[in-house]
Structure formats: structure tokens, C-alpha cells
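Trainee: Turn this into a structure:
(one chain, ligands or ions: 1)
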Amino acid sequence: MTILITGSAGFIGSELSRRLLDAGHSVVGIDNLNDYYDVRLKEARLARIKDHPNFTEARIDLDDRTAVEDVFAKHRPQKVVNLAAQAGVRYSLENPHSYVDSNIVGFLNILEGCRAVQCRHLVFASSSSVYGTNAEMPFAVTDRVDHPISMYAATKRANELMAHTYSHLFAIPTSGLRFFTVYGPWGRPDMALFLFTKAILEGRPIDVFNHGDMKRSFTYIDDIVEGVLRVLDHIPTPAAAAAPEMPHESKSAPFRVYNIGSDKPESLMRYIEVLEDNLGLKAKKNMLGMQPGDVPATWADVDDLKTSVGYQPTTSVEDGVARFVAWYKDFYKI
Ligand SMILES: NC(=O)c1ccc[n+]([C@@H]2O[C@H](COP(=O)([O-])OP(=O)(O)OC[C@H]3O[C@@H](n4cnc5c(N)ncnc54)[C@H](O)[C@@H]3O)[C@@H](O)[C@H]2O)c1
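Mentor: Below you'll find the predicted structure:
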């Protein structure tokens, strides 16, 4: 099967591409390798897959409509996984336009491509940030998501609404995945674990927001990729009247939204402690207030995903952080 992955030089997309290639699929990877963070890391991720005979690289921008049309026309993918996006909550306060370009205009181009080739399934990245100021714990897909607190979150929620529209109008099966804080080897340099590791090793203080009173469904990369692979094989149909507990939008269209993440949230201070143990160093902590756009806690209710595809994240923070530190030291030759 030919599967189009966008964001194939990214943290999640490169690992997903590798797994699909290993399973014998052909992968077409779209990524513009932008410099939001270290391009050398993106190149190094790509180097793990680009020589595979069944991998085709398309180094284009998602918001380049003609280029995206050409990729769809040439490769006619049966399935598509949209992971390319301008990610990051904090940066969306500084550069909101890049979020609209990649996440809204770019996503529309993907939807149009899926429509043109009548693709069998589009899986796309949403985010736990769509829950905004929701205080109900754990976060369930039936909770309201109409109060985002960053442009990043607003674009991710918009993706869910746009996908539903295309599912309803053009019968394109789509599944949105609300990822919860993903970490692990080949991870993102703008995220806490990477920032903390670098700072601690360089003897610099780490910024600890909300004075450490934070909780997250920290989710190990392999558990995320396993979930994406399972969802990719689970093509939605309209839920009709069969499942009254389904969110409203699932009923008229082959459309689903799932949470994907660890259902055992961990405190930020414990996450830091595990990192310190693995590095054999104590962090100097710069205790700060809450960041605008950020939320004190996330906690994924993944019952839907368990029922639908048997999803069960298994990696503990202790194991996951140890594997990240081992990768980091190897990659940066420390
Ligand atoms: N990592 C997490 O914890 C997390 C949490 C919630 C949601 N997500 C979402 O999951 C997806 C993957 O995240 P990730 O952590 O792998 O991010 P990432 O930044 O590592 O990967 C995204 C990739 O997309 C590419 N890209 C961005 N804009 C593009 C454009 N306009 N055209 C072509 N390529 C473009 C980037 O170069 C990058 O390689 C994103 O949609 C992100 O918003 C991630």
C-alpha cells in the first residue's frame, strides 16, 4: 500500500515512516524541513529512512497548493497520515501566522488531495491542547472543546472541524488523534525533556513553570506510533444511531476523534527527578509562574481507543526517560 506521511522528518512522522517501511509499505514523505528547530536533527531522522527503496521524499511546503496537488496526482496514496504542522503552544503567541499557513491552509490542501484521489483513510494529528481550560479529569472526547487558549490549540480544533466537513460531504474516512505530550529518542528540542537534558548537562538552570505544580500524560513515542498504526487500519464508518455515547460529530460521517496518550499522568517534578537520576546530576531549578497559553494538567481518557483498537500504552516514565537519555548521549556524543 502507498501511504503518504506528512511531517516525515519530524519526531513522530519519521518513526511512523520507519515502522511502515519495515512492514513492507511504500511511504511518500512530505516535509519542508523548516528551521523551527535544529534542521540537522530533522536531516538525521530522515537519514534513517531515506535510502529505503520504498521511500520517496517530497521536500515541499504543505501550504504550496500546486506542489501538494502534484504529489497526490503522482502517487495516489491509499492512506494519508497528516503529522506536519507548526507545533508548540508557546511559539504560537509569537508567530501565529505560521500556524495558519501550515495547520489551516496546509491541512485544507491535504483534505483536497484526499478528495481528489478518494483516499481510503486520512489520519491526522490533533492535540490535547484542544481541551483548553477544561477542568474535568480525565479529558474525554465527549468533553466540550470550544474554549482553546492558544492559536495552536485553535488550529488543531479547526482541523477536527474541517476533517468532519470533508468526511460528511465527500465520504472520506477521517480519524483525528489528540496526542498527549510525546517524548522519547529523536524527540523535539523545543519540548521539556530535551530542554531540561541540555540545560542540566551544560550546568544551566531549567525553567519550571507553575512552580512545578504540573501534571502531564507523558507518552512514550513507541506507544504513540503503535496507536497510530492501529488507527490507520481501523477505518471509520458513520456511527449512525448505534452508539449514543459517541460525540455528536461522529454520527453523520465516517469520522472519529480519539485521545491517544498515557492514562497514568505523572507530575512534572517526578519527571524531572527521573531525568536527574538518569543523568546522575541535580537540576538547578528556576521556579516560575504559569506560561500564557499553557494548562496545569492533562490526563488522557483512552477508553475509546482501547475498545476500538485494543490500545494500551505500556512504557513507564522511568523506562522512557532512560531510553531518551541513552539516545541523547549517543547522538550528541556525550
Ligand atoms: N510531540 C507532541 O508531544 C505532540 C503533542 C500534541 C500534538 N502533536 C502534533 O503531532 C504532530 C507531529 O508532532 P511532532 O512532535 O512530530 O512535531 P515535529 O515538529 O517534530 O514534526 C513536524 C514536521 O512537520 C514539518 N512541517 C511543519 N510545517 C510544515 C509545512 N508547512 N510543510 C511541510 N512540512 C512541514 C516540520 O519540518 C517537521 O519535521 C504535529 O501535528 C503536532 O502538532 C505533537
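
Trainee: CA-only coordinates of the lengthiest helix in the chain, as PDB, when you get a sec.
Mentor: Ranked by residue count, the top helix of the chain under DSSP state H comes out as helix 151-170. Output of helix 151-170 as PDB, limited to C-alpha atoms (Å, rounded to 0.1, in the frame of the first residue of the first chain):
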ATOM      1  CA  MET A 151      -3.700  29.800  18.400                       C
ATOM      2  CA  TYR A 152      -2.000  26.400  18.300                       C
ATOM      3  CA  ALA A 153      -5.000  24.700  20.000                       C
ATOM      4  CA  ALA A 154      -7.400  26.700  17.900                       C
ATOM      5  CA  THR A 155      -5.800  25.400  14.700                       C
ATOM      6  CA  LYS A 156      -5.900  21.900  15.900                       C
ATOM      7  CA  ARG A 157      -9.600  22.100  16.800                       C
ATOM      8  CA  ALA A 158     -10.200  23.700  13.400                       C
ATOM      9  CA  ASN A 159      -8.600  20.600  11.800                       C
ATOM     10  CA  GLU A 160     -11.100  18.400  13.500                       C
ATOM     11  CA  LEU A 161     -14.000  20.500  12.200                       C
ATOM     12  CA  MET A 162     -12.500  20.700   8.700                       C
ATOM     13  CA  ALA A 163     -12.000  16.900   8.600                       C
ATOM     14  CA  HIS A 164     -15.500  16.300   9.800                       C
ATOM     15  CA  THR A 165     -16.800  18.500   7.000                       C
ATOM     16  CA  TYR A 166     -14.900  16.600   4.300                       C
ATOM     17  CA  SER A 167     -16.000  13.200   5.800                       C
ATOM     18  CA  HIS A 168     -19.600  14.300   5.700                       C
ATOM     19  CA  LEU A 169     -19.600  15.900   2.300                       C
ATOM     20  CA  PHE A 170     -17.300  13.600   0.400                       C
END
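
Trainee: Which parts of the stretch 51-200 of the chain are strands?
Mentor: 55-58, 79-82, 121-127, 174-179, 182-183 (DSSP state E, counting those that start in this stretch).

Trainee: Rebuild the ones you listed as TSV, extending it with mean neighbour count.
Mentor: Quick note: C-beta positions are derived from backbone N, CA and C, even for glycine. Rendered in TSV, the data for the strands of the stretch 51-200 of the chain read as follows (neighbours: other CB atoms under 10 Å):
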stretch	mean neighbour count
strand 55-58	18
strand 79-82	26
strand 121-127	25
strand 174-179	26
strand 182-183	24
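
Trainee: Turn those into a markdown table, columns for mean pLDDT and distance to the ligand.
Mentor: Formatted as a markdown table, the strands of the stretch 51-200 of the chain follow (pLDDT from 0 to 100; distance: least, CB to the nearest ligand atom, whole Å):
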| stretch | mean pLDDT | distance to the ligand |
| --- | --- | --- |
| strand 55-58 | 98 | 9 |
| strand 79-82 | 98 | 7 |
| strand 121-127 | 98 | 3 |
| strand 174-179 | 98 | 4 |
| strand 182-183 | 98 | 4 |
